[in-house]
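Undergrad: Quick one, structure for this:
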Amino acid sequence: MRHNQESQRMSDVEAILSVRALTKSFYGVRALDAVDFSLRPGEIHALIGENGAGKSTFIKILAGVYARDSGEIFLEGRAVEPRIENLPIAFVHQDPAFAEDLSVGENIAFGAGYPRRMGMIDWKAVNRQALEIYATMDVEPLDPARMVSTLRAPEKAILSIVRTLAHTPKVLVLDEPTAALPEADSMRLFLAMKKLRERGTSMIYVSHRLNDLFGLCDRVTAFRDGRHIITEDMTATTGARMVEHMLGRAVDRIGEAKQHSKHDRGPVALSVADLVIDGRGPLSFDAHAGEILGLVGLRGGGQEAVGRAIFGATPIDSGTIDLFGKQLAGEHSIARSIKAGVRLLAGDRLAESTFAGMSVTENMFVNPAIRGQSNWRWAAPSRERQAAKELLERFDVRPRKEDALIDWLSGGNQQKACLARWLGERGKLVILEEPTAGVDIGAKLAIHEILRSAAARGVAMIVVSTDMEEVTTLCDRAIVINRGRAGAELTGADLTMEKLVSQSSQGGTVSHAAVKTVV
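TA: Here you go, the predicted model:
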């Protein structure tokens, strides 16, 4: 640790932003413990760590949201105080807020200002200003008159960066901007970041997707338990090494763990034949009991609708869905699916999976039908709390407080609580949309183990995902979906990142830097 700190201070001479011995406590608990950090001019510096490692506290101190207890912050060699100074540091968050009913140009003008002519807003100048700021990133601009509500997620992600450039920041902090983006759309954002680096902008990039860091970032810093663990060049590290720094222990390679837990798959649990959804298809495939099957493709490829159609949440144009030989289609509905043993973990955890303001127990037992009970049957609170305690222990949800509000839990623990709801009992087929999106590496490993344990008990599992890396490390078999139809089917040694990305892109070549696995 001493060597790391000495190296850190030596690099302060060339740093645009440097932090020394930064400390912050909340109610006696150290969130940051004498943290050192330096950012060089024109550098993309990755910041990694589990949830609770101190990354968010660090960023909020730089933003002036929190006051530090002690330590120093220097910008271009000058001691600064973010809480009282207007610094050239801009922030891009995971879920950026926009005025959805206003145009792209108007949203940019919130930061850049509204050009005026004769005391009135000059709307042509507003749009021209937006195009000029896009040009600084050397990316294809959006129509400034287009409503933000019509933008896709990657377009919003880039717009969130464009807005910050109106302030001509010297330092840009990006907090999980690709968490909800598929591989191909993330690449657009990375290209924009590289253009900014070429123009001299320095960036701190926070991400749980360690695979994204290779080929993008220059250095990486790991935090653990509020402490600075290490800073090293990306060319000198590996995914496994980064995971070890984050967790404080060596872990088995995820791919190897999958092989060690391999077991014979059971009979066909689900059979989909000639399925057509919203005019796209037909699609046919089988899923087996005890198998984790991936349905993967680029965003818009059609895989997103398949899981929801099986669950009864999306209408089916034609085709059949059989669960253990019993047809589900026809009068298909969510209620019938749940009764038959089908479960769906939605990809948008906050909007569709959790109920804010309710306790963990209430979230896990929100639907009596999951346990085969009537909505009109009275449930003893004491019995539910006891059952909740057992599920918290079984699924390793922390804190183990059944009365805690779901809002208090980290993203990974919220996801484990949702898994406890669906996997607790009676499920025969579980459909999971982006099961580890936005969770840290420790929670990701834990969730993978939960899913493998369920498969080992004979549960059929379908992972609907745009995360190629997760599919290769978690699934036994994967089917590439393109325009609602099944393409390549990959298994065993053929189930690799390169082949998945290539097949999803209809045979396009993929660079090795883009497909380097995490561990």
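Undergrad: Isn't residue 283 up against residue 483?
TA: No - using C-beta atoms under 8 Å, residue 283 is not in contact with residue 483; the gap is 9.9 Å. In short, each C-beta sits where N, CA and C put it, glycine included.
Undergrad: Give me the more crowded residue out of the two.
TA: More crowded of residue 283 and residue 483, by other C-beta atoms under 10 Å: residue 283, with 24 against 13.
Undergrad: Could you check how far that one is from residue 347?
TA: 19 Å (C-beta to C-beta, to the nearest Å).
Undergrad: since we're on residue 234, how many residues are nearby?
TA: Around residue 234 there are 18 residues (other C-beta under 10 Å).
Undergrad: which ones are touching the nearest residue to it once chain neighbours are set aside?
TA: Closest residue to residue 234 apart from its sequence neighbours, by C-beta to C-beta, 6 or more residues apart in numbering: residue 217 at 5.1 Å. Contacts of residue 217 were listed using C-beta atoms under 8 Å, 6 or more residues apart in numbering, and they are 44-46, 205, 234.
Undergrad: Tell me how this protein divides into domains.
TA: Segmentation of the chain into domains, based on automatic domain parsing, reads 1-86+206-251, 256-341+427-514, 356-425.
Undergrad: can you put these in JSON lines and add mean pLDDT and distance to residue 119?
TA: Output for the domains of the chain, formatted as JSON lines (pLDDT from 0 to 100; distance: least, C-beta to C-beta, whole Å):
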{"stretch": "domain 1-86+206-251", "mean pLDDT": "86", "distance to residue 119": "27"}
{"stretch": "domain 256-341+427-514", "mean pLDDT": "82", "distance to residue 119": "45"}
{"stretch": "domain 356-425", "mean pLDDT": "82", "distance to residue 119": "44"}
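Undergrad: And the pLDDT for the most far-flung residue of the chain relative to its centre?
TA: Distance to the chain centre peaks in the chain at residue 118, reaching 46.8 Å (criterion: C-alpha atoms, centre = their mean). Per-residue pLDDT puts residue 118 at 88.
Undergrad: Surely the residue nearest to residue 234 is in a helix?
TA: No - secondary structure of residue 217 (DSSP: H, G, I helix; E, B strand; the rest coil): coil, not part of a helix.
Undergrad: three-state assignment of the residue nearest to residue 103 when sequence neighbours are not counted?
TA: With sequence-adjacent residues excluded and distances taken as C-beta to C-beta, 6+ apart, residue 103 is closest to residue 145, at 5.3 Å. Of the three states, residue 145 takes coil under three-state DSSP.
Undergrad: what's near enough to touch residue 145?
TA: Contacts of residue 145 by C-beta under 8 Å, 6+ apart are 103-105, 127.
Undergrad: measure the residue nearest to residue 234 to residue 436 for me?
TA: 21 Å.
Undergrad: Same check on residue 297?
TA: Residue 297 is 18 Å from residue 436, by C-beta to C-beta.
Undergrad: buried stuff in stretch 90-107?
TA: Within stretch 90-107, the residues scored as buried using 16 or more other C-beta atoms under 10 Å are 90-92, 94, 96, 98, 103-107.
Undergrad: Which ones among those residues lie within helices?
TA: Counted as lying in helices by DSSP state H, out of the buried residues of stretch 90-107, are 104-107.
Undergrad: the strands in the stretch 101-250 of the chain, which residues?
TA: Counting by DSSP state E, counting those that start in this stretch, the stretch 101-250 of the chain has strands at residues 116-117, 120-121, 171-175, 202-206, 219-224, 227-233.
Undergrad: Any chance of TSV for those, columns mean neighbour count and distance to residue 54?
TA: Output for these, formatted as TSV (neighbours: other C-beta atoms under 10 Å; distance: least, C-beta to C-beta, whole Å):
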stretch	mean neighbour count	distance to residue 54
strand 116-117	10	44
strand 120-121	10	43
strand 171-175	23	13
strand 202-206	24	11
strand 219-224	24	5
strand 227-233	18	8
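Undergrad: Turn these into TSV, including distance to residue 190.
TA: Shown next, in TSV, are the strands of the stretch 101-250 of the chain (distance: least, C-beta to C-beta, whole Å):
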stretch	distance to residue 190
strand 116-117	36
strand 120-121	35
strand 171-175	11
strand 202-206	10
strand 219-224	15
strand 227-233	18
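Undergrad: which SS class is the residue nearest to residue 350 when sequence neighbours are not counted?
TA: Distances taken as C-beta to C-beta, 6+ apart place residue 356 nearest to residue 350, at 7.5 Å, with adjacent residues excluded. Look at residue 356: counting by three-state DSSP, its state is coil.
Undergrad: which residues does residue 356 contact?
TA: Applying C-beta under 8 Å, 6+ apart, the residues near residue 356 are 350, 406-407.
Undergrad: Roughly how far does it sit from residue 408?
TA: According to C-beta to C-beta, residue 356 stands 11 Å off from residue 408.
Undergrad: Spatially nearest residue to residue 499, not counting backbone neighbours?
TA: Nearest non-adjacent residue to residue 499, counting by C-beta to C-beta, 6+ apart: residue 490, 5.9 Å away.
Undergrad: hey, what's that neighbour bridged with?
TA: residue 478 (DSSP bridges).
Undergrad: Is it in contact with residue 468, as I believe?
TA: No - at 10.7 Å, residue 490 does not count as touching residue 468 under the criterion of C-beta under 8 Å.
Undergrad: Who has more neighbours out of the two?
TA: A direct count of neighbours by other C-beta under 10 Å for residue 490 and residue 468 places residue 468 higher, at 31 against 21.
Undergrad: which phi and psi does the more buried one have?
TA: Dihedral pair for residue 468: phi -60, psi -40, per degrees, to the nearest 10.
Undergrad: Am I right that it is in contact with residue 294?
TA: No - counting by C-beta under 8 Å, residue 468 stays clear of residue 294, with 9.2 Å between them.
Undergrad: rewinding a little: tell me, what's touching residue 283 and residue 483 both at once?
TA: By C-beta under 8 Å, 6+ apart, the residues touching both residue 283 and residue 483 are residue 302.
Undergrad: residues touching residue 30, list them.
TA: So residue 30 contacts 23-24, 226 (C-beta under 8 Å, 6+ apart).
Undergrad: of all those residues, which comes closest to residue 272?
TA: residue 226 (48.2 Å; C-beta to C-beta).
Undergrad: Tally up the residues packed near the closest one, please.
TA: The burial count assigned to residue 226 is 23, neighbours taken as other C-beta under 10 Å.
Undergrad: again, but for the one 10 residues further on
TA: Other residues within reach of residue 236, judged by other C-beta under 10 Å, total 9.
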